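In: coords below, sequence missing:
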């Protein structure tokens, strides 16, 4: 979310710290700790950002001590090799499955954050797919084919993506999936 603003005069870690300080919840996915190929570097941004968030919760103001954190990993105990200092924390795993990740976050919001009656994970997943379809259709209306629409979405600025999401939430398409309960 730090890339929501792209002012080169701002240091990204400062923007990240600002977001961490302002947030009531911290969700950190540390599943990308390993390099994927020989010669690749490890990705350490997420564990670093978790460390900032943890320190704020531990040593910050009374308000920050109330902050609730969720750590996600790809496999149970996979982090022990490179991030053993967090052993003993309740870490949820998603097996690199986006639906499982949504389920873990949804359940955490219910169990820990006290959010009552959250949507079921499959409803959230289908709404996300509806949103992506909506974005593709908006771009196709501008004359792009499906592949061009997908490629365009990959480079859409975060701020624009958020604005499109807000628009979709406020004005959902009439064809939105409905699920009987």
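Out: The structure has been received and is ready for your questions. The structure presented is a predicted model; accordingly, all values stated were derived computationally and were not measured.
In: biggest helix in the protein by residues?
Out: Selection of the longest helix in the chain by residue count, based on DSSP state H, yields helix 121-141.
In: give me the number of residues near residue 104?
Out: As a burial measure, residue 104 scores 21 neighbours (other CB atoms under 10 Å). Yep, even glycine has a C-beta here, placed from its N, CA and C like the rest.
In: Show me how far the longest helix of the chain is from its chain's centre.
Out: Between the centre of helix 121-141 and the centre of its host chain there is 17 Å, according to CA atoms, centre = their mean, to the nearest Å.
In: by how many degrees do the next helix or strand after it and helix 121-141 diverge?
Out: With elements assigned by DSSP states H and E, the helix or strand that comes after helix 121-141 is helix 146-154. Computed with axes from the mean of the first three to the mean of the last three CA atoms, to 10 degrees, the direction of helix 146-154 lies at 110 degrees from that of helix 121-141.
In: hmm, who's touching helix 146-154?
Out: 132, 135-136, 139-140, 144, 161 (CB atoms under 8 Å, 6 or more residues apart in numbering).
In: what does stretch 41-48 give?
Out: Stretch 41-48 has contacts (CB under 8 Å, 6+ apart) with 28-30, 32-35, 82-83.
In: again, only this time at 6 Å
Out: With contacts defined as CB atoms under 6 Å, 6 or more residues apart in numbering, stretch 41-48 is touched by 28, 30, 32, 35, 83.
In: can you confirm the first one is in a strand?
Out: Yes: assessed with DSSP: H, G, I helix; E, B strand; the rest coil, residue 28 lies in a strand.
In: who touches it in this structure?
Out: Applying CB under 6 Å, 6+ apart as the definition, the contact partners of residue 28 turn out to be 46, 50, 71.
In: Quickly find the element holding the first one.
Out: For residue 46, the host element (DSSP H and E) is helix 45-59.
In: Then residue 69?
Out: Mapping residue 69 onto the secondary structure by DSSP H and E places it in strand 68-73.
In: Could I get the average pLDDT for the following helix or strand past that strand?
Out: Using DSSP H and E, the helix or strand that directly follows strand 68-73 along the chain is strand 91-93. Taken as a whole, strand 91-93 carries a mean pLDDT of 89.
In: quick one: contacts for residue 76?
Out: Counting by CB under 6 Å, 6+ apart, residue 76 makes contact with residue 93.
In: So for it, what's the pLDDT?
Out: What the model reports as pLDDT for residue 76 is 78.
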